[in-house]
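Asks: this one's sequence-less:
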């Protein structure tokens with residue numbers, strides 16, 4: 001493994017771009033941009049890409065590596081912004097042109113910086129689909145203006161960004177109250193699909209949605225924040241959280257898992273999700289939908305909403321994990337409120353579980369529901385399917401949840417034919 005430095009603007013594949021002028025960087029190398037613009041024009045595998053200062057071999061700050069086409073970049077070492085990031089606006093690895101490139105990387109850590117600098121940036125100059133696979137964790141930026149591991153910027157264009165994180169998105173060692181996050185979005189024209197194991201812990205925001213459309217799936221839990229800054233901060237664009245679990249925090253109301261900001265314009269849907277209050281003494285909410293109708297962003301929810309006291313570690317009995325303004329999401333699989341009933345009242349607030357349900361839009365047709373059965377929102381739909389009893393169906397033929405038990409016997413045949421013969425003889 002070596003330290004390599006770009007000595008001229010140019011293509012990665014050209015040895016003249018690099019120090020020494022005879023070979024290109026090899027697997028495991030740490031590669032410094034050295035203030036130059038390097039175009040990645042082949043598949044590469046190196047340890048790190050850096051836009052930072054280095055002493056030996058000498059490298060100045062900034063510069064970048066641009067990626068387009070269908071090339072694959074594989075980075076085999078962990079990366080952190082304070083050590084390898086830029087000191088001026090821009091990105092170390094920037095997408096450009098068009099295509100469907102792939103970036104494979106290990107864990108990445110953001111930092112606190114007062115200029116708009118990030119590690120990977122997908123701007124409007126790129127059109128196409130980029131896939132980013134993170135084997136490890138993403139750690140959020142601090143309280144500066146930028147320093148994110150991944151940033152989707154600008155308005156317009158057409159970009160799809162698929163981000164897969166095998167570990168968690170969480171805050172790093174840097175501190176602050178910024179809303180930069182591990183991943184940030186702005187503007188319009190992008191669809192960002194994120195799958196991650198968990199979104200956890202922190203003094204800082206972990207995901208910042210400031211524009212475009214973000215589809216997020218959390219396979220474990222988004223929550224357990226211990227500070228006053230939201231883990232997920234949604235202020236503009238569209239945020240869809242799908243089949244995920246959000247848990248309230250162990251701190252005050254400000255430290256929610258998801259904050260849909262008052263006065264913001266983010267259209268936010270939690271579809272088929274599970275929400276729990278946090279273990280804080282006042283039941284920290286999982287979601288804060290803003291303070292007043294007309295001021296809050298548009299928030300709708302489907303799935304299971306659990307009151308405190310029903311599941312261990314989810315706050316005092318009766319707390320609801322949603323604060324602010326929201327409404328049911330008709331596009332999901334229904335909304336189920338898991339509440340404590342008043343079976344022990346007034347002696348105790350810890351009653352048995354009762355479930356209030358509102359159905360979503362994926363309802364069966366009335367022709368597929370048993371005749372006379374009321375269902376749907378407020379039981380406004382009534383089934384029209386008439387199911388005959390088993391005795392009216394010939395023996396062995398499937399009907400309802402069993403088989404028919406009716407049959408044609410010899411006595412029945414004799415009785416029927418005898419009556420017919422008698423009627424004919426009377427003519």
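Replies: Ah, there it is. These figures come from a predicted structure and were not determined experimentally.
Asks: Distance from stretch 29-44 to the middle of the chain?
Replies: 31 Å (C-alpha atoms, centre = their mean, to the nearest Å).
Asks: swap that for stretch 392-404, sorry
Replies: 46 Å.
Asks: Please tell me how far residue 167 sits from residue 244.
Replies: Separation of residue 167 from residue 244 (C-beta to C-beta, to the nearest Å): 16 Å. In this view, the C-beta of every residue, glycine as well, is placed from N, C-alpha and C.
Asks: Give me the more crowded residue out of those two.
Replies: residue 244 (25 against 15; other C-beta atoms under 10 Å).
Asks: Could you list the domains of this protein?
Replies: Following automatic domain parsing, one gets these domains for the chain: 72-80+90-382, 390-425.
Asks: Lowest average pLDDT across those?
Replies: When the domains of the chain are compared by mean pLDDT, domain 390-425 comes last with a mean of 77.
Asks: Only the buried residues of that one, if you could.
Replies: Under the neighbour-count criterion of 16 or more other C-beta atoms under 10 Å, domain 390-425 has 390, 393, 399, 404 buried.
Asks: The longest strand anywhere in the chain pairs with which strands, and in what direction?
Replies: In terms of residue count, the longest strand belonging to the chain (DSSP state E) is strand 183-200. Strand pairing for strand 183-200, using DSSP bridges, gives strand 150-152 (parallel), strand 159-171 (parallel), strand 207-218 (parallel), strand 222-223 (parallel).
Asks: Would you mark the buried spots in it?
Replies: Buried, per 16+ other C-beta under 10 Å, within strand 183-200: 183-196, 198-200.
Asks: Check stretch 315-326 too.
Replies: Neighbour count says stretch 315-326 has 315-326 buried, by 16+ other C-beta under 10 Å.
Asks: same check, this time on stretch 103-118
Replies: So, applying 16+ other C-beta under 10 Å, buried residues of stretch 103-118: 103-113, 116-118.
Asks: Now compare those and name the two farthest from each other.
Replies: By the measure C-beta to C-beta, 104 and 112 form the most distant pair in the buried residues of stretch 103-118, at 26.6 Å.
Asks: Work out the gap between stretch 119-126 and the centre of the chain.
Replies: Worked out by C-alpha atoms, centre = their mean, stretch 119-126 lies 20 Å from the chain centre.
Asks: What's the local residue count around residue 327?
Replies: Using other C-beta under 10 Å, residue 327 has 12 neighbouring residues.
Asks: Would you confirm that it contacts residue 270?
Replies: No: contact criterion C-beta atoms under 8 Å: residue 327 and residue 270 do not qualify, at 11.2 Å.
Asks: Please identify every residue contacting each of these two.
Replies: The contact sets of residue 327 and residue 270 overlap at 299-301 (C-beta atoms under 8 Å, 6 or more residues apart in numbering).
Asks: mind giving me a markdown table with those residues and columns for neighbour count, distance to residue 8 and secondary structure?
Replies: Formatted as a markdown table, the shared contacts of residue 327 and residue 270 follow (neighbours: other C-beta atoms under 10 Å; distance: C-beta to C-beta, whole Å; DSSP: H, G, I helix; E, B strand; the rest coil):
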| residue | neighbour count | distance to residue 8 | secondary structure |
| --- | --- | --- | --- |
| 299 | 24 | 52 | strand |
| 300 | 18 | 54 | strand |
| 301 | 26 | 55 | strand |
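Asks: what's the span of stretch 240-257 from first residue to last?
Replies: 14 Å (C-alpha to C-alpha, to the nearest Å).
Asks: same check, this time on stretch 150-169
Replies: For stretch 150-169, the end-to-end distance is 12 Å (C-alpha to C-alpha).
Asks: Kindly report the same for stretch 54-71.
Replies: Across stretch 54-71, first to last residue, C-alpha to C-alpha, it's 27 Å.
Asks: avg pLDDT for that stretch?
Replies: On average, the pLDDT along stretch 54-71 is 95.
Asks: Pull out the buried residues from it.
Replies: 54, 59-69, 71.
Asks: what about the strands in the stretch 201-350 of the chain?
Replies: 207-218, 222-223, 232-242, 245-247, 258-260, 267-276, 287-288, 298-306, 322-323, 327-328, 335-340 (DSSP state E, counting those that start in this stretch).
Asks: If you count contacts, what does the fourth one end up packed against?
Replies: So the one you mean is strand 245-247. Packing partners of strand 245-247 (3 or more C-beta pairs under 8 Å, 6 or more residues apart in numbering; DSSP states H and E): strand 222-223, strand 267-276.
Asks: repeat that with 10 Å
Replies: strand 183-200, strand 222-223, strand 267-276, strand 298-306 (3 or more C-beta pairs under 10 Å, 6 or more residues apart in numbering; DSSP states H and E).
Asks: Among the buried residues of stretch 103-118, which are located in strands?
Replies: Counting by DSSP E, the buried residues of stretch 103-118 contribute 103-105, 108-109, 117-118 to strands.
Asks: Just name the closest of the residues you listed to residue 82, please.
Replies: Of all those, residue 109 has the smallest distance to residue 82: 7.7 Å, by C-beta to C-beta.
Asks: That closest one reaches residue 137, doesn't it?
Replies: Yes: at 8.5 Å, residue 109 and residue 137 qualify as touching, with contact defined as C-beta atoms under 10 Å.
Asks: In a markdown table: the shared contacts of residue 327 and residue 270, plus distance to residue 23.
Replies: As requested, the shared contacts of residue 327 and residue 270 are exported to a markdown table (distance: C-beta to C-beta, whole Å):
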| residue | distance to residue 23 |
| --- | --- |
| 299 | 55 |
| 300 | 57 |
| 301 | 56 |
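Asks: ok, now which ones touch residue 12?
Replies: Counting by C-beta atoms under 10 Å, 6 or more residues apart in numbering, residue 12 touches 6, 18, 24-25, 31, 38-44, 46, 65-67, 71, 73.
Asks: which of those residues count as buried?
Replies: The neighbour count (16+ other C-beta under 10 Å) marks 6, 18, 24-25, 31, 38-41, 44, 46, 65-67, 71, 73 as buried among the contacts of residue 12.
Asks: how about the helices and strands packed on strand 245-247 in CSV, adding distance to residue 373?
Replies: Shown next, in CSV, are these (distance: least, C-beta to C-beta, whole Å):
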stretch, distance to residue 373
strand 183-200, 38
strand 222-223, 37
strand 267-276, 24
strand 298-306, 22
